[in-house]
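# Take a look and give me a structure for this.
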Amino acid sequence: MTEEILANYEHSSGPVFTIAVPYARLTDATPTVSNPCELLSVLAGTQLCGTLISTDAADSIAIVNVATGFIGNWEVRNVLTYAANIEDTWGAINVGDPIYYDNSATMPAGVYLSTSPLDNLGVANTLFGHIACITSEAAALYPKGGVIASTQDCQVMQRGAGV
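Residues are numbered from 1 along each chain as shown. Predicted structure coming up:
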């Protein structure tokens, strides 16, 4: 399935702080504009995360917004834990919940974020950000999902280069 460039992913016009990143330094080395992304790191769970703003296929360079506080609209898997390399438990997603960049092989195509702090192999996922709504109408839509597997459309405030 070809990944789709979302025209409505951005829910916050700022902040923006961009960096240039070679594709080879991205966890997903075939980046798609508007998707969340994660840079490779020597220590699992410490990776820098951000939003893909543009790509240059000729030079294999992506421009990534790593600003703390940027709010994007992405799909989030409600998996909480894995067992024997498959999803085991799920829960509702609510405002303020931590959201992780999840590189598990079990994730649906085009979905990079989940509520699980560990991937399907038991390796630490990187904290991508938190559920954060910029309107009361959006906040009223939570909680989303429940105790069965689902993928939910959520507003996520990225952690970016912040602490």
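# May I have the worst-scoring helix or strand of the chain on mean pLDDT exported as PDB, CA atoms only?
Counting by mean pLDDT, DSSP states H and E, the chain has its least confident helix or strand at helix 136-139, which shows a mean of 92. Extracted C-alpha coordinates of helix 136-139, given in PDB (Å, rounded to 0.1, in the frame of the first residue of the first chain):
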ATOM      1  CA  SER A 136     -12.800  22.100  22.900                       C
ATOM      2  CA  GLU A 137     -14.600  20.400  20.000                       C
ATOM      3  CA  ALA A 138     -11.500  18.100  19.400                       C
ATOM      4  CA  ALA A 139     -11.100  17.500  23.200                       C
END
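# Can you name the next helix or strand after that helix?
Proceeding N to C from helix 136-139, the next assigned helix or strand is strand 151-158, under DSSP states H and E.
# what's the distance between that next one and the middle of its chain?
Taking CA atoms, centre = their mean, to the nearest Å, one finds strand 151-158 lying 8 Å from the centre of the chain it belongs to.
# cool, stretch 88-101 as well?
With CA atoms, centre = their mean, you get 12 Å for stretch 88-101.
# That stretch: which residues count as buried?
Buried residues in stretch 88-101, counted by 16 or more other CB atoms under 10 Å: 90-91, 93, 95, 97, 99-101. For the C-beta atoms, the positions are set from N, CA and C on the backbone; glycine is no exception.
# Tabulate these (TSV), appending pLDDT.
As requested, the buried residues of stretch 88-101 are arranged in TSV below (pLDDT from 0 to 100):
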residue	pLDDT
Trp90	98
Gly91	98
Ile93	98
Val95	97
Asp97	98
Ile99	98
Tyr100	98
Tyr101	98
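# buried set for the least confident helix or strand of the chain?
Ala138.
# That'll do, ta.
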